[in-house]
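> model the structure of this input:
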Amino acid sequence: MAHVEKCPETLTAVNASSKQLNCGIDTYGNNQYMCLPNMEKSSLVEFCYDGIMGIQKEGNCLEAKDGRVILHSCNMFLSGCPKKPFFNYEFYKYPACQDINLKHFCYELDPSCQALGNSGGFSDVSNDDRVIMYGLIGGLLVLVILTIVTAGIINEKLLN
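Below is the predicted model:
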């Protein structure tokens with residue numbers, strides 16, 4: 001299985017990719033080329049499926065695992081989940097099933113994946129920006145301490 005940046009989005013592009021990999025056709029005349037996320041959702045992989053291109057139930061995305069095709073429920077997706085049964089070779093008609101977040105290893109249109117991306121933590125901040133933020137916080141802390149000490153000294157002189 002070869003890792004790819006992007007899966008084909010049209011039948012013409014699927015046929016071109018199939019030809020490049022020299023994929024065959026199954027006993028029913030269906031193209032055996034597939035481009036799917038791997039099960040871990042850490043990459044997109046293209047391969048020639050060795051078997052009959054079956055029909056899948058609506059509400060599922062296809063994933064690749066060790067040369068096999070497995071199902072992943074997409075019923076919770078915000079959009080793009082297949083709403084009717086589809087053939088394996090029609091994977092390109094459902095781009096939401098190939099749109100994966102390589103940072104969080106999830107589907108972009110899955111609300112739980114979007115929650116990871118909007119966590120508000122420091123995970124999306126570069127190291128240079130962190131240094132600047134910590135420097136500013138440290139500077140403010142020193143300023144607050146100096147203000148408190150100065151106020152204490154002034155207060156003590158006023159009381160004496």
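
> just the buried positions in stretch 16-34, please.
Buried positions in stretch 16-34, judged by neighbour count with 16 or more other C-beta atoms under 10 Å: 17-18, 23, 26, 30-34. No exception for glycine: its C-beta is placed from N, CA and C like everyone else's.

> next: stretch 84-93.
86, 88-92.

> would JSON lines of these with secondary structure be doable?
JSON lines is the format used below for these (DSSP: H, G, I helix; E, B strand; the rest coil):
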{"residue": "86", "secondary structure": "strand"}
{"residue": "88", "secondary structure": "helix"}
{"residue": "89", "secondary structure": "helix"}
{"residue": "90", "secondary structure": "helix"}
{"residue": "91", "secondary structure": "helix"}
{"residue": "92", "secondary structure": "helix"}
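
> nearest to residue 10, of those residues?
For those, the residue nearest residue 10 by C-beta to C-beta is residue 92; the value is 6.7 Å.

> if I look at the spatially most central residue of the chain, how far off is residue 37?
The centroid of the chain falls nearest to residue 101 when counting by C-alpha atoms, centre = their mean (1.1 Å). Look at residue 101 and residue 37: by C-beta to C-beta, to the nearest Å, they are 10 Å apart.

> identify the contacts common to the two.
The contact sets of residue 101 and residue 37 overlap at residue 107 (C-beta atoms under 8 Å, 6 or more residues apart in numbering).
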